[in-house]
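K.L.:
Need a 3D model of the sequence below.
(2 chains)
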Amino acid sequence: MEIEVWNPWIAGLAIGLFVIFHFWLMGKPAGCSTGYGNFLGLLFKSVEYFRVGEYSHLNNSRLWFLIGIPFGGLLSALSSPDPWHFTFDMGMYDTIFPQTDAGRAIWLILGGALLGFGARLAGACTTGHALVGGAMLNPPSLLAGAIFFVSAFITTRLLFGT
Amino acid sequence: MHELPAKDGIRNYVVSFVFVYRNNFFGLLTGILFGFLMSHAGATTYDFHAKMFLFENFQLMIVIGTAVTVAMVGVLILKRFRVRAVATGNEVDFVKKPYQKGLMVGALLFGIGWGMSASCPGTIPAMIGEGKIGAIFALIGLLIGTMAYGLLQTYLMMARRHKALNLDDENKAKLHCPDNSCDA
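P.N.:
All right, here's what the predicted structure looks like:
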């Protein structure tokens, strides 16, 4: 799937304006990873952590924000010149990832699990910490954002053997 | 019981429905916009992640740098003019994520996950919308990882409660027989 990619300065400007728009509309910072807890709380009623505190109201705007994202991706793909289709093509990663489909699936599930567990342990993901937390110059967010980047940098370098 | 004409009843129903679910609708709308922008910014394209960390292409670095700078100015303006939010009617709440125990370890694990999957929790749903099969597996992993944290926290909550209850029982026993003579 070839997505039409905008000029990075324009795209950055648009995302920056989006963060401001989100603040103005919702009155609170944008965030992604917390919404997965809402989803799990609705799915598994006996897991108490996803029913109390910040998860006491599960059917909220955070959950609907997550539900909206795939439609945004779909719109973007449909407005790109390449016709929409399913693909397991991973570009440069094809050479370094496990070569069988099953192996690659397990690899991605493992990577996803680290993302999910790490995001909850750190309190937020790239959006909540690096993007929105960075815009508010929140010291813990800047620290988390820096560690996200360094850790991913080392992992990618090791994977590509450079 | 109120007996309203059907027209008023429907109108009241719509008004209360909008009142209750307006924020969810706003959430859906901003989510669509977010997915669209992330996708066109290149954050859902695997190669840009690899090329950024290998210093071959700076698309994503410019995107996040510009976005953070623009948003920073916006936050200052919103704060300066005490702008009220549409959804709440109150001043915008710039609630900051606190430093929490495990932030550094969590961030380290998150980074490894980022390097392994070339995606993050915000881009995975957008990638699914684009038809990337890999993102479906990453989403399964993401839910497993989040679930693991939720289960761990639930057990810790239960253990704390259990401990508090036990301490309570011990205190009661001490009150009942201060010299521990009734233990036997």
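K.L.:
For residue A:145, which residues are in contact?
P.N.:
Applying CB atoms under 8 Å, 6 or more residues apart in numbering or on different chains, we find residue A:145 in contact with A:126, A:129, A:130, A:133, A:134. Glycine gets a C-beta too; all of them are placed from N, C-alpha and C.
K.L.:
Does it lie in a helix or a strand, and which?
P.N.:
helix A:139-160 (DSSP states H and E).
K.L.:
Send over that helix as PDB, restricted to the C-alpha atoms.
P.N.:
C-alpha atoms of helix A:139-160 as PDB (Å, rounded to 0.1, in the frame of the first residue of the first chain):
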ATOM      1  CA  PRO A 139       9.600  17.100  32.400                       C
ATOM      2  CA  PRO A 140       8.500  13.500  32.900                       C
ATOM      3  CA  SER A 141       7.100  13.400  29.400                       C
ATOM      4  CA  LEU A 142      10.400  14.800  27.900                       C
ATOM      5  CA  LEU A 143      12.300  12.100  29.800                       C
ATOM      6  CA  ALA A 144      10.000   9.400  28.600                       C
ATOM      7  CA  GLY A 145      10.100  10.700  25.100                       C
ATOM      8  CA  ALA A 146      13.900  10.700  25.100                       C
ATOM      9  CA  ILE A 147      14.100   7.100  26.400                       C
ATOM     10  CA  PHE A 148      11.400   6.000  23.800                       C
ATOM     11  CA  PHE A 149      13.700   7.400  21.100                       C
ATOM     12  CA  VAL A 150      17.000   6.100  22.300                       C
ATOM     13  CA  SER A 151      15.600   2.700  23.100                       C
ATOM     14  CA  ALA A 152      14.000   2.400  19.600                       C
ATOM     15  CA  PHE A 153      17.200   3.700  18.000                       C
ATOM     16  CA  ILE A 154      19.300   1.100  19.700                       C
ATOM     17  CA  THR A 155      16.800  -1.700  18.800                       C
ATOM     18  CA  THR A 156      16.600  -0.700  15.200                       C
ATOM     19  CA  ARG A 157      20.400  -0.400  14.900                       C
ATOM     20  CA  LEU A 158      20.800  -3.900  16.400                       C
ATOM     21  CA  LEU A 159      18.100  -5.300  14.100                       C
ATOM     22  CA  PHE A 160      19.700  -3.900  11.000                       C
END
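K.L.:
Next, the buried residues of stretch A:96-109.
P.N.:
Within stretch A:96-109, the residues that qualify as buried by neighbour count (16 or more other CB atoms under 10 Å in any protein chain shown) are A:97, A:104, A:105, A:107, A:108, A:109.
K.L.:
quick one: the helices in chain B?
P.N.:
Taking DSSP state H, the helices of chain B run over residues B:6-41, B:46-53, B:59-80, B:103-117, B:124-130, B:133-176.
K.L.:
The longest one relative to helix B:46-53, how many degrees between them?
P.N.:
Think helix B:133-176. 70 degrees (axes from the mean of the first three to the mean of the last three CA atoms, to 10 degrees).
K.L.:
low-confidence ranges in chain B?
P.N.:
Along chain B, segments meeting pLDDT under 70 span B:1-2, B:176-184.
K.L.:
what about residue A:161, how many residues close to it?
P.N.:
By other CB atoms under 10 Å in any protein chain shown, the residues close to residue A:161 number 6.
K.L.:
Need the max-distance pair from the buried residues of stretch A:96-109.
P.N.:
Maximum pairwise distance among the buried residues of stretch A:96-109 (CB to CB): 12.6 Å, between A:97 and A:109.
K.L.:
In helices, which of the buried residues of stretch A:96-109 appear?
P.N.:
Among these, the members falling in helices (DSSP H) are A:104, A:105, A:107, A:108, A:109.
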